[in-house]
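Asks: Provided below for reference: sequence and predicted model.
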Amino acid sequence: MTAAYLDQLFAAAGVAECAEAEFRQYAERRLEMMTAARVRAHRRYHLVNDMVESARAIVERPACIAAQIGGVLIQAGWSENDAGYGEVCERLGRVAALIHDDLHREPYADQPSIGVLPALATFEAWYCERFGTEFPVLLPRNPNAFQPLIDF
């Protein structure tokens, strides 16, 4: 027979152990979510930055838009032979057009360049609905594929 106080201490230790395990699971899930959000934000940044860099030197609108789309779709693994390629080009072209306009048109005080990010979000939502997945450039890379040391 054990003393009641030992039973109470043992029970308290068990409660503390359960609380700690529950908190660790919560913290691990939260950290995974935060890491995924950080990686996605950096990938979105690089996607748009690549489009801006492609657009910077090309003033002619159609060529500028085509260069942006072509560069991004190559990174994403899309080919002209893929079903839906034309749709993706058209939808991504809306983002590319806004980037072109932002870089190459005269700035107007009454028209700030706020349209790129909403257009990107619209493209991403459409892509996910249409193809059932995120745009490939935004997806986590295959762990067996070559990756740079830092994934930002």
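Replies: Everything's here; your move.
Asks: From now on I want contacts and neighbour counts done on CA atoms only, so please keep to that.
Replies: Will do.
Asks: which one is the residue nearest to the spatial centre of the chain nearest to, not counting chain neighbours?
Replies: Nearest to the mean C-alpha position of the chain, by C-alpha atoms, centre = their mean, lies R40 at 3.3 Å. Ranked by C-alpha to C-alpha, 6 or more residues apart in numbering and with sequence neighbours excluded, the top spatial neighbour of R40 is L138, at 6.1 Å.
Asks: is it true that that neighbour touches R43?
Replies: Yes. At 5.7 Å, L138 counts as touching R43 under the criterion of C-alpha atoms under 8 Å.
Asks: ok so, going back, determine the set of other helices and strands touching the helix or strand the residue nearest to the centre of the chain falls within.
Replies: Following DSSP states H and E, one finds R40 within helix 4-56. When contacts are defined as 3 or more C-alpha pairs under 8 Å, 6 or more residues apart in numbering; DSSP states H and E, helix 4-56 sits against helix 61-76, helix 85-104.
Asks: Identify each buried residue in the first one, please.
Replies: Spelled out, that is helix 61-76. For helix 61-76, burial by neighbour count (16 or more other C-alpha atoms under 10 Å) applies to C64, I65, A66, A67, Q68, I69, G70, V72, L73.
Asks: ok, now which ones touch the third one?
Replies: Residues touching A66, when contacts are defined by C-alpha atoms under 8 Å, 6 or more residues apart in numbering, comprise G93.
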